[in-house]
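Novice: Got a sequence here, can you build the structure:
(one chain, ligands or ions: 2)
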Amino acid sequence: MADSTTRNDFTSIPLLDFSLALSQTTKSLFISQLQHALINVGFIYLSNHPVLPHTSRLLPFIPKLFTLTQEQKNKTAMVNSEHFLGYSKLGGELTKGKVDWREQWDFATKHTCRWKKGDPDYFRIWGPCQWPEEELLPGFREALEAYLDAVQDLSYQFSSLVAESLGLGPDGLAKFYDKDEFMQHRAKIVKYPVPPEGGEGQGVGPHYDAGFLTFLLQASEHQGLQVQNLAGEWVDAPPIPGTFVVNIGKALEFVTGGVARATSHRVLSPRGDTPRYSVPFFQNISLTIRLSDEVMQFPPEILNLRDERGDVAATDSVNFTEFNKEPSGKVNLIGRVKSHPDVGERHYPALFKEIFPNGFHGKGSAY
Ligand SMILES: O=C(O)CCC(=O)C(=O)O
Ligand SMILES: [Fe+2]
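Specialist: Ligands and ions are numbered 1, 2, ... in the order given. Sure, this is the predicted structure:
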């Protein structure tokens, strides 16, 4: 069993005020709060962040996006996109073998695909979005593009603060990102409907995020997000208006030798009679970097904090793919093909065959 007496275990998610990081007199306070949260919790709420005006502009579009007809939605189906961008219908994915009761669009920051003949297949994983027709949702595209640009900027600023709080200096994580034209970050707009009576209550099953940093906008007032503490208990992370929920993914945990903690989380389906909405933004790292070559060293005082925390003994989460010798883009592509086998079969047939030698007849597994 997990040691539930560990003195650094958490029973709620810490809230950090981003404005503290912007003033020289308060920055060190922010950095020490962030250090504690990265090592012991892996999740924070971030308030007073610069994306707020873009958030207000985006929010009203979110429920409207899902009111498009099924036919209109299907025109942007993900299976059309070699970049795994577009619409996924309700109940299309599994986590821990159970259906995730959610409907979603995958969008991403603006990007021109870098792939050319002779390049590895995983260079094709990033590229342009599929957008619903402008007249169906006037202004949506502009609002989302501005929002994604703003979250991207925040994600780099935040990454630099993470590096400082781990004693690496502000550029300590910069090597994990490529130059801007070779980077793309992904976001999903998700609707969690109320499940049919007697049906599954799983919005998303227990999982870890894969990448470096996730910036989650909870876009309605529903409870549902839960985070697993060191003792294995599920801690609620209810929406707090004006904040992001920021969490650490497995890739950052891996390269920090477990100093920054990736934390298992899940979403319960909403109760009542209205759906829950959310917008997770997943900050990516360079396609070409091999994480196994990049595991970092830390001073003893940081390692002591990690060791005092200890390891999670019990978790309900699916174990994430090991970051083996493959470049990050390849690991990423394998994960996407497993989640969306229909896209894999159409656009990456050779890799699809390697992963599913007998073909695939069920649903993709989300994590
Ligand atoms: O919708 C949420 O609140 C969280 C979703 C999530 O954890 C994910 O998509 O990775
Ligand atoms: Fe997640």
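
Novice: Going by C-alpha atoms from here, please, whenever you check contacts or count neighbours.
Specialist: OK.

Novice: Which strand or helix spans whichever residue of the stretch 251-367 of the chain sits closest to ligand 1?
Specialist: Closest to ligand 1 within the stretch 251-367 of the chain is Ser278: 4.8 Å, counting by CA to the nearest ligand atom. Assigned by DSSP states H and E, Ser278 falls within strand 276-283.

Novice: List the contacts of that strand.
Specialist: With contacts defined as CA atoms under 8 Å, 6 or more residues apart in numbering, strand 276-283 is touched by 62-63, 151-152, 155, 185-193, 211-222, 269-270.

Novice: same thing but 7 Å
Specialist: Here strand 276-283 makes contact (CA atoms under 7 Å, 6 or more residues apart in numbering) with 155, 185-193, 211-220, 222, 270.

Novice: again, but for stretch 262-272
Specialist: Under CA under 7 Å, 6+ apart, the answer for stretch 262-272 is 42, 192-195, 201-208, 222, 224-228, 248-250, 253, 276, 317.

Novice: How about stretch 233-249?
Specialist: So stretch 233-249 is contacted by 11-13, 42-47, 52, 208-218, 221-229, 261-263 (CA under 7 Å, 6+ apart).

Novice: can you narrow the residues you listed to ones near ligand 1?
Specialist: Contacts with ligand 1 within those, counted by CA under 6 Å from any ligand atom: Asp209, Leu225.

Novice: filter the contacts of stretch 233-249 to the buried ones?
Specialist: For those, a burial check counting by 16 or more other CA atoms under 10 Å picks out 11, 13, 42-47, 52, 208-218, 222-229, 261-263.

Novice: what residues does the protein put near ligand 1?
Specialist: For the chain, the contact set with ligand 1 under CA under 6 Å from any ligand atom comprises Asp209, Leu225, Ser278.

Novice: Enumerate every residue touching the second one.
Specialist: When the contact criterion is CA under 7 Å, 6+ apart, the partners of Leu225 are Asp236, Ala237, Pro238, Arg266, Val267, Leu268.

Novice: Ramachandran angles for the first one?
Specialist: In terms of degrees, to the nearest 10, the main-chain angles of Asp236 are phi -70, psi 140.

Novice: picking up where we left off before, which of the contacts of Leu225 are buried? Put it as a ChimeraX command.
Specialist: Restricted to buried positions by 16+ other CA under 10 Å, the ChimeraX selection for these reads:
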select :236,237,266,267,268
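
Novice: mind listing the helices for the chain?
Specialist: Applying DSSP state H to the chain gives helices spanning 27-40, 52-58, 61-65, 70-75, 140-165, 250-255, 300-309, 328-339, 341-347, 349-355.

Novice: Can you say which of those is packed in most?
Specialist: Most buried of the helices of the chain, by mean neighbour count (mean count of other CA atoms under 10 Å): helix 250-255, with a mean of 23.

Novice: Just give me how far that one sits from the chain centre.
Specialist: Centroid separation for helix 250-255 versus its chain: 13 Å, with CA atoms, centre = their mean, to the nearest Å.

Novice: Send me it as CSV with only the CA atoms.
Specialist: What follows is helix 250-255, C-alpha atoms only, in CSV (Å, rounded to 0.1, in the frame of the first residue of the first chain):
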residue,chain,number,x,y,z
LYS,A,250,4.9,11.6,-18.3
ALA,A,251,7.6,13.0,-20.6
LEU,A,252,8.6,15.7,-18.2
GLU,A,253,8.5,13.2,-15.3
PHE,A,254,10.8,10.9,-17.3
VAL,A,255,13.4,13.5,-18.1
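
Novice: so of the contacts of stretch 233-249, which ones are in strands?
Specialist: If you go by DSSP state E, the contacts of stretch 233-249 have 43-47, 213-218, 225-228 in strands.
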